[in-house]
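Colleague: Generate a structure from the sequence data that follows.
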Amino acid sequence: MSTSDFASPHWAGRNDGDGPEHRRWHQAVSTAAAPAESAPAAARASLIGFACDAGVARNRGRVGAAGAPAALRTALGSLAFRAEAGSVHDAGDVVVRGDDLEAGQRRLGDSVSAHLRDGRFVTILGGGHETAYGTYLGLASSGLLDGDGAPRLGILNLDAHFDLRQDPRPSSGTPFLQIADDESAAGRGFQYGVVGISRPNNTRTLFDTAERLGVRYLLDEDSQGRAEVQAWVEGFAADVDVLYLTIDLDVLPAAVAPGVSAPAGYGVPYDVIRAAALAAARTGKLAVFDVVELNPEYDVDARTARSAARLIDDVVHEVLAADG
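Modeller: So this is what the prediction gives:
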């Protein structure tokens, strides 16, 4: 993998001092060349951006997600970094140019895999939901799903859509059907759970596909209470060994997340999505996490980016705290 596939990230923010009591994200993040081995020893988590519009364009959505990694870094930059030790390594952006989606997903997978093999918790800043297939490729090749007894992978998606569309060309609407096919080919089961499914925004075919694959899901109208959703997430995670959390920001109400490809007409309250994400992080099984579908071109006062940054901040700190 050549470093020409990567764009250098830029971090900035308020600076109240250089001591650990003053640290903010922009002071806790280290940047270096893309390979995982270039990360400092103190880095216990990694960030990788996926600057890509190809999947959304193929899915006939409104493009702009390629600008999301930069917008998310901006929103994170001045947030307080609460972990007392360690740092986060930012490996930069995998940049997908034009319609070169499949090659970009492979490059993302290579980077994710390298950082997982080095023992770091990995957060990917998408990109449309086609990001998920690249994330999965990295997880599948990292060795975490190998060994005696084939550790069970669980994918928890907080999303208004199943993204199980059957299509000759992969897109932001197909990643989880692609993953189901790959898991079947590898002789593993497909454990996929979704919180926030919008009945009007998923066709009968998609519900039938979910039924055939044994997908567990909660409708958006049944995802309005924190305690109930948290218990559902805990139950899903109890049945797996390795957990992958993916948050599609269009699961949130449009008033909270206007800057997405497909704003929600109903949505799941922010505090419920946050509770679900934290429940996943507290399982001790979470290996990889991505946040997708931010479209800065349609955001209002960076509202969506700020909402996403708080979720990223909460999940990363929860995982780092659990790791000691």
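
Colleague: Please make it C-alpha for all contacts and neighbour counts, starting now.
Modeller: Will do.

Colleague: Show me how far stretch 112-121 is from its chain's centre.
Modeller: 15 Å (CA atoms, centre = their mean, to the nearest Å).

Colleague: residues in contact with that stretch?
Modeller: Stretch 112-121 has contacts (CA atoms under 8 Å, 6 or more residues apart in numbering) with 35-37, 43-46, 48, 122, 135, 137-143, 287-288, 319.

Colleague: my guess is Ile247 is in a strand, correct?
Modeller: Yes - Ile247: assigned to a strand according to DSSP: H, G, I helix; E, B strand; the rest coil.

Colleague: Do I have it right that it meets Leu294?
Modeller: No - counting by CA atoms under 8 Å, Ile247 sits too far from Leu294 to count as a contact (10.4 Å).

Colleague: Settle it for me: which of those two has more neighbours?
Modeller: Leu294 (34 against 27; other CA atoms under 10 Å).

Colleague: Excluding sequence neighbours, find me the nearest residue to Arg14.
Modeller: Ser78 (5.6 Å; CA to CA, 6 or more residues apart in numbering).

Colleague: That neighbour against Ala12, yeah?
Modeller: Yes - contact criterion CA under 8 Å: Ser78 and Ala12 qualify, at 7.3 Å.

Colleague: For these two, indicate the residue with more neighbours.
Modeller: Ser78 (18 against 15).

Colleague: Tell me where the model's unsure across the stretch 1-150 of the chain.
Modeller: Residues of the stretch 1-150 of the chain that meet the criterion pLDDT under 70 lie in 1-8, 32-42, 85-86.

Colleague: Which stretches in it count as strands?
Modeller: Per DSSP state E, counting those that start in this stretch, the stretch 1-150 of the chain carries strands over the ranges 6-7, 29-31, 43-51, 87-95, 121-126.

Colleague: Which one of those strands lies nearest to Ala276?
Modeller: strand 121-126 (16.6 Å; CA to CA).
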